[in-house]
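Participant: Build me a model:
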Amino acid sequence: MYVWLDVLTNYITFAGYDVDGSSDDYKKYWPADLHLIGKDIIRFHTIYWPIFLMTLGEPLPKQVFGHLWLLMGDGKMSKSKGNVLYADELVEFFEVDAVRYFVLHEMPFENDGVITWELMVERLNSDLANTLGNLVKRTITMTNKYFAGIVTKSGCTTGGIVDVTAEGGAKTAEELDADLKKVVLDTVKTVQARMNQLRVTDSITEIFNLFKSWNKYIDETAPWVLAKSDWTKARLQEVLYNLTEAIAIGAELLEPYMPETSAKILTQLSTEKRGLDKMDQFGLYSSGNMVTENPETLFQR
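Facilitator: The predicted model follows:
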């Protein structure tokens, strides 16, 4: 009785359902906007549970999503096989945000995901330490080195290094900046759209593609070259401002997936969350802010 009936009715009784008169909380929390379950219990939640609710005359969940499995190597985890990975062990070794990132990144919408120690280490080194951690640290380090930690929006789009793209065409400093801003704002929309479709893996992949593009922006603008001449100082300020603003937006996009890392980045940039309703604007980072003097290594290789 518990497995087939009581455990399901817990969803509404916990929310405040009562045959003699339900609470205001029940009207607030039920029906659920999204009922998230594992794929192995879809039968209970899409056949039996709706039947119970319809019999009671209660509304059904608006949407049911059955997520797939996380496999160990090429098969299911099993205590008898001795191939079980426990979350607390992973967190102790990699820290919680790295585990969050891996599980969310490796769970595609249509298929089971795969987890191994080797894959965890690979993701930690390549995505978290190199792509994200290195981007944040080198941006803050350059700001401290060239401008005593002060981020200034100069508005200068001249005097930058011209990049020869893979297609053979040259890009001006103004075009490089415009591309950066467009990619950032387009990604904000894409991430929201992917999450509305429950495509979490695609969403977090889009965010890390952003971080990769900003590392490319650093290579294209070459701040270390701009720093060699006084007449390119204003351009260098604009490059570092663009990077700081872009990272602030990226950190906020990252918050639902890696909250601790998001908070650390925003703290090092000396800024706060701006809110989802302001994520469609580029340039809200306060000119004149001072970044942290000693940037923290976000992820150890």
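Participant: Low-confidence regions, the stretch 101-250 of the chain specifically.
Facilitator: 159-170 (pLDDT under 70).
Participant: what about the helices in it?
Facilitator: 117-123, 134-147, 173-196, 200-221, 223-226, 233-254 (DSSP state H, counting those that start in this stretch).
Participant: Can you give the distance of the fourth one from its chain's centre?
Facilitator: So the one you mean is helix 200-221. 11 Å (Cα atoms, centre = their mean, to the nearest Å).
Participant: Contact partners for the spatially most central residue of the chain?
Facilitator: By Cα atoms, centre = their mean, the chain has its centre lying nearest to residue 254, at 2.9 Å. Taking Cβ atoms under 8 Å, 6 or more residues apart in numbering as the contact definition, residue 254 lies against 204, 207, 261-262, 265. All C-beta spots, glycine's among them, are computed from the backbone N, C-alpha and C.
Participant: burial measure for residue 257, as a count.
Facilitator: Residue 257 has 18 neighbouring residues, counting by other Cβ atoms under 10 Å.
Participant: can you check residue 72 too?
Facilitator: 17.
Participant: My read is that it contacts residue 113, right?
Facilitator: No: contact criterion Cβ atoms under 8 Å: residue 72 and residue 113 do not qualify, at 10.4 Å.
Participant: Do a quick rundown of the strands in the stretch 1-150 of the chain.
Facilitator: Assigned by DSSP state E, counting those that start in this stretch, the strands in the stretch 1-150 of the chain fall at 35-38, 64-67, 70-72, 113-115.
Participant: so can I have JSON lines of these showing distance to residue 78?
Facilitator: Shown next, in JSON lines, are the strands of the stretch 1-150 of the chain (distance: least, Cβ to Cβ, whole Å):
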{"stretch": "strand 35-38", "distance to residue 78": "16"}
{"stretch": "strand 64-67", "distance to residue 78": "20"}
{"stretch": "strand 70-72", "distance to residue 78": "8"}
{"stretch": "strand 113-115", "distance to residue 78": "14"}
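Participant: among those strands, which is nearest residue 195?
Facilitator: strand 64-67 (12.1 Å; Cβ to Cβ).
Participant: Describe which strands that closest one pairs with in its sheet and in which direction.
Facilitator: When pairing is defined by DSSP bridges, strand 64-67 lines up against strand 35-38 (parallel).
Participant: Show me which residues of the partner strand are buried.
Facilitator: 35, 37 (16 or more other Cβ atoms under 10 Å).
Participant: Equivalent analysis for stretch 84-103, please.
Facilitator: 90, 94-103.
Participant: for the residues you listed, which one is nearest residue 60?
Facilitator: Distances from residue 60 to these, taken by Cβ to Cβ, are shortest for residue 103, at 29.0 Å.
Participant: quick one: that closest one from residue 48, how far?
Facilitator: Going from residue 103 to residue 48 by Cβ to Cβ, to the nearest Å gives 29 Å.
Participant: Let me see the contact set for the residue nearest to residue 12 when sequence neighbours are not counted.
Facilitator: Spatial nearest neighbour of residue 12, chain neighbours left out: residue 30 (5.7 Å); criterion: Cβ to Cβ, 6 or more residues apart in numbering. Each residue near residue 30 by Cβ under 8 Å, 6+ apart is listed here: 11-12, 15-17, 58-59.
Participant: again, only this time at 10 Å
Facilitator: 11-12, 14-17, 22, 53, 58-61 (Cβ atoms under 10 Å, 6 or more residues apart in numbering).
Participant: Likewise for residue 249?
Facilitator: 184-185, 187-188, 207, 210, 274, 278-282, 284-285.
Participant: likewise residue 153?
Facilitator: Contacts of residue 153 (Cβ under 10 Å, 6+ apart): 237-238, 240-242, 244-245, 283, 285-288.
Participant: do residue 267 as well
Facilitator: So residue 267 contacts 251, 291-292, 296 (Cβ under 10 Å, 6+ apart).
Participant: Quick check: of the residues you listed, which has the highest neighbour count?
Facilitator: residue 251 (25 neighbours).
Participant: confidence score at that residue?
Facilitator: For residue 251, the model assigns a pLDDT of 95.
Participant: So for it, what's the nearest residue that isn't a sequence neighbour?
Facilitator: Nearest to residue 251 is residue 265, by Cβ to Cβ, 6+ apart, at 3.9 Å.
Participant: Ok, residue 100 next?
Facilitator: In space, residue 100 is closest to residue 258, 5.6 Å off (Cβ to Cβ, 6+ apart).
Participant: try residue 34
Facilitator: Per Cβ to Cβ, 6+ apart, closest to residue 34 is residue 63, 5.0 Å.
Participant: Report whether the expected contact of that neighbour with residue 45 is present.
Facilitator: No: Residue 63 is not in contact with residue 45 according to Cβ atoms under 10 Å; the separation is 11.4 Å.
Participant: Fine by me, we can end here.
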